[in-house]
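In: below are the sequence and a predicted model; questions follow.
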Amino acid sequence: MNYYGSKELAGSFRTVRNNTITIAEEIPEDKYGFQPAPGTRTVGQALAHIALSTGMQEQIHGQKLSTLAGFDFPSFMRAATAELEKPRTKAQIVGLLRENGDRYAGWLETLSDDFLGQVVTMPPGGQPASRTRFDMLLGAKEHEMHHRGQLMLVERMLGITPHMTRRMQEHMAQMAQAAQK
(Lines give C-alpha, C1' and ligand atoms only; values in the text may rest on other atoms or scores of the structure.)
Protein backbone atom coordinates (compact mmCIF):
# COMPACT_ATOMS: atom_id res chain seq x y z
CA MET A 1 0.00 0.00 0.00
CA ASN A 2 1.33 3.41 -0.99
CA TYR A 3 0.51 6.17 1.50
CA TYR A 4 2.08 9.03 -0.43
CA GLY A 5 1.42 9.20 -4.13
CA SER A 6 0.87 11.83 -6.78
CA LYS A 7 -2.15 13.45 -5.07
CA GLU A 8 -0.25 13.89 -1.81
CA LEU A 9 2.85 15.09 -3.65
CA ALA A 10 0.77 17.70 -5.47
CA GLY A 11 -1.03 18.74 -2.28
CA SER A 12 2.16 19.20 -0.32
CA PHE A 13 3.72 21.14 -3.19
CA ARG A 14 0.66 23.44 -3.27
CA THR A 15 1.02 24.08 0.47
CA VAL A 16 4.67 25.03 0.05
CA ARG A 17 3.96 27.21 -2.99
CA ASN A 18 1.08 28.99 -1.24
CA ASN A 19 3.38 29.84 1.67
CA THR A 20 5.95 31.17 -0.80
CA ILE A 21 3.29 33.29 -2.49
CA THR A 22 2.28 34.73 0.88
CA ILE A 23 5.89 35.79 1.46
CA ALA A 24 6.08 37.27 -2.04
CA GLU A 25 2.91 39.26 -1.36
CA GLU A 26 4.06 40.47 2.06
CA ILE A 27 7.39 41.86 0.91
CA PRO A 28 6.87 45.37 -0.49
CA GLU A 29 7.73 45.82 -4.15
CA ASP A 30 10.33 48.46 -3.30
CA LYS A 31 12.22 45.72 -1.40
CA TYR A 32 12.32 43.30 -4.35
CA GLY A 33 15.74 44.74 -5.25
CA PHE A 34 17.10 44.07 -1.74
CA GLN A 35 20.18 41.87 -1.80
CA PRO A 36 21.03 40.48 1.65
CA ALA A 37 24.73 39.97 0.88
CA PRO A 38 27.08 40.39 -2.07
CA GLY A 39 26.87 37.48 -4.49
CA THR A 40 23.32 36.53 -3.49
CA ARG A 41 20.09 36.93 -5.41
CA THR A 42 17.83 39.88 -4.76
CA VAL A 43 14.39 39.18 -3.31
CA GLY A 44 12.87 39.44 -6.78
CA GLN A 45 15.50 37.16 -8.31
CA ALA A 46 15.04 34.57 -5.55
CA LEU A 47 11.27 34.54 -6.05
CA ALA A 48 11.63 34.31 -9.84
CA HIS A 49 14.13 31.46 -9.35
CA ILE A 50 11.59 29.61 -7.20
CA ALA A 51 8.83 30.25 -9.74
CA LEU A 52 10.94 28.83 -12.58
CA SER A 53 12.72 26.05 -10.70
CA THR A 54 10.32 23.23 -11.54
CA GLY A 55 11.22 23.54 -15.21
CA MET A 56 14.05 21.02 -15.09
CA GLN A 57 11.88 18.40 -13.39
CA GLU A 58 9.10 19.01 -15.91
CA GLN A 59 11.52 18.63 -18.81
CA ILE A 60 13.27 15.50 -17.53
CA HIS A 61 10.13 13.67 -16.45
CA GLY A 62 7.86 15.08 -19.14
CA GLN A 63 10.24 13.58 -21.71
CA LYS A 64 10.30 10.40 -19.60
CA LEU A 65 14.10 10.28 -19.63
CA SER A 66 15.42 7.18 -17.90
CA THR A 67 19.00 8.45 -17.82
CA LEU A 68 20.54 11.88 -17.47
CA ALA A 69 23.70 10.76 -19.24
CA GLY A 70 23.81 13.06 -22.23
CA PHE A 71 21.28 15.55 -20.83
CA ASP A 72 22.46 18.98 -21.94
CA PHE A 73 22.67 20.68 -18.54
CA PRO A 74 24.69 23.68 -19.83
CA SER A 75 22.07 24.53 -22.48
CA PHE A 76 19.26 24.09 -19.99
CA MET A 77 21.02 26.35 -17.47
CA ARG A 78 21.73 29.04 -20.10
CA ALA A 79 18.06 29.15 -21.05
CA ALA A 80 16.96 29.10 -17.40
CA THR A 81 19.38 31.92 -16.54
CA ALA A 82 18.15 34.02 -19.46
CA GLU A 83 14.56 33.53 -18.29
CA LEU A 84 15.53 34.36 -14.70
CA GLU A 85 17.24 37.59 -15.73
CA LYS A 86 14.16 39.03 -17.45
CA PRO A 87 13.00 42.13 -15.57
CA ARG A 88 9.69 41.55 -13.79
CA THR A 89 7.42 43.53 -11.49
CA LYS A 90 6.20 42.15 -8.18
CA ALA A 91 2.81 41.41 -9.76
CA GLN A 92 4.47 39.51 -12.61
CA ILE A 93 6.58 37.46 -10.19
CA VAL A 94 3.59 36.61 -7.99
CA GLY A 95 1.66 35.68 -11.14
CA LEU A 96 4.53 33.47 -12.29
CA LEU A 97 4.63 31.75 -8.89
CA ARG A 98 0.88 31.06 -9.12
CA GLU A 99 0.83 30.00 -12.77
CA ASN A 100 3.87 27.74 -12.69
CA GLY A 101 2.92 26.32 -9.30
CA ASP A 102 -0.60 25.48 -10.45
CA ARG A 103 0.72 23.88 -13.64
CA TYR A 104 3.34 21.82 -11.81
CA ALA A 105 0.96 20.64 -9.07
CA GLY A 106 -1.70 19.79 -11.66
CA TRP A 107 0.84 17.77 -13.62
CA LEU A 108 2.04 15.97 -10.47
CA GLU A 109 -1.53 14.81 -9.79
CA THR A 110 -1.62 12.96 -13.11
CA LEU A 111 1.40 10.76 -12.42
CA SER A 112 0.91 7.08 -11.66
CA ASP A 113 2.58 5.19 -8.82
CA ASP A 114 4.38 3.10 -11.46
CA PHE A 115 5.79 6.26 -13.06
CA LEU A 116 6.84 7.71 -9.69
CA GLY A 117 8.64 4.44 -8.88
CA GLN A 118 10.71 4.41 -12.06
CA VAL A 119 14.45 4.80 -11.61
CA VAL A 120 16.42 7.51 -13.41
CA THR A 121 20.15 7.02 -13.81
CA MET A 122 22.28 10.05 -13.03
CA PRO A 123 25.09 11.24 -15.30
CA PRO A 124 28.46 9.51 -14.88
CA GLY A 125 29.89 10.40 -11.48
CA GLY A 126 26.50 11.51 -10.14
CA GLN A 127 25.75 10.68 -6.53
CA PRO A 128 23.67 8.77 -5.92
CA ALA A 129 24.02 6.84 -9.15
CA SER A 130 20.23 6.67 -9.58
CA ARG A 131 17.07 8.07 -8.03
CA THR A 132 13.38 7.36 -8.36
CA ARG A 133 11.23 9.88 -10.16
CA PHE A 134 9.32 10.36 -6.89
CA ASP A 135 12.52 11.37 -5.08
CA MET A 136 13.50 13.75 -7.87
CA LEU A 137 10.04 15.35 -8.02
CA LEU A 138 9.92 15.67 -4.23
CA GLY A 139 13.24 17.50 -4.57
CA ALA A 140 11.44 20.42 -6.23
CA LYS A 141 9.46 20.99 -3.04
CA GLU A 142 12.57 20.63 -0.89
CA HIS A 143 14.42 23.12 -3.11
CA GLU A 144 11.61 25.65 -2.73
CA MET A 145 11.50 25.19 1.05
CA HIS A 146 15.25 25.84 1.19
CA HIS A 147 14.88 29.16 -0.62
CA ARG A 148 11.71 30.05 1.27
CA GLY A 149 13.66 29.70 4.51
CA GLN A 150 16.17 32.18 3.13
CA LEU A 151 13.35 34.56 2.25
CA MET A 152 11.92 34.30 5.75
CA LEU A 153 15.27 35.45 7.13
CA VAL A 154 15.27 38.29 4.57
CA GLU A 155 11.79 39.24 5.81
CA ARG A 156 13.26 39.56 9.32
CA MET A 157 16.06 41.72 7.93
CA LEU A 158 13.39 43.95 6.38
CA GLY A 159 11.46 44.21 9.66
CA ILE A 160 8.69 41.79 8.63
CA THR A 161 7.61 38.96 10.93
CA PRO A 162 6.98 35.99 8.61
CA HIS A 163 3.37 34.86 8.36
CA MET A 164 4.15 31.37 9.61
CA THR A 165 5.77 32.83 12.74
CA ARG A 166 2.78 35.13 13.29
CA ARG A 167 0.41 32.16 12.99
CA MET A 168 2.39 30.16 15.53
CA GLN A 169 2.52 33.12 17.93
CA GLU A 170 -1.25 33.58 17.62
CA HIS A 171 -1.84 29.87 18.22
CA MET A 172 0.41 29.83 21.28
CA ALA A 173 -1.35 32.92 22.69
CA GLN A 174 -4.74 31.24 22.20
CA MET A 175 -3.52 28.08 23.92
CA ALA A 176 -2.14 30.10 26.84
CA GLN A 177 -5.38 32.03 27.12
CA ALA A 178 -7.45 28.82 27.05
CA ALA A 179 -5.23 27.28 29.77
CA GLN A 180 -5.91 30.23 32.05
CA LYS A 181 -9.68 29.70 31.94
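Out: Structure received.
In: and the gap between Ala24 and Arg88?
Out: Distance of Ala24 to Arg88, given as CB to CB, to the nearest Å: 11 Å. In short, each C-beta sits where N, CA and C put it, glycine included.
In: any residues in contact with both of the two?
Out: Common contacts of Ala24 and Arg88 (CB atoms under 8 Å, 6 or more residues apart in numbering): none found.
In: mind checking which of the two has more residues around it?
Out: Ala24 (24 against 18; other CB atoms under 10 Å).
In: how far off centre is whichever strand or helix holds the more buried one?
Out: Per DSSP states H and E: Ala24 is located in helix 6-26. Mean C-alpha position of helix 6-26 versus that of the full chain (CA atoms, centre = their mean, to the nearest Å) differs by 8 Å.
In: also stretch 146-166?
Out: The answer for stretch 146-166 is 15 Å, by CA atoms, centre = their mean.
In: need the pLDDT of the residue minimising distance to the centre of the chain.
Out: Among the residues of the chain, the one closest to the centroid is Glu144, at 2.7 Å (CA atoms, centre = their mean). At Glu144, the pLDDT value in this model is 98.
In: distance of it relative to Met164?
Out: 14 Å.
In: before we move on, what about Gly5?
Out: Taking CB to CB, one finds Gly5 at 26 Å from Met164.
In: how about Arg17?
Out: Applying CB to CB to Arg17 and Met164 gives a distance of 14 Å.
In: looking at those two, which one has more neighbours?
Out: Per other CB under 10 Å, whichever of Arg17 and Met164 has more neighbours is Arg17, with 24 against 13.
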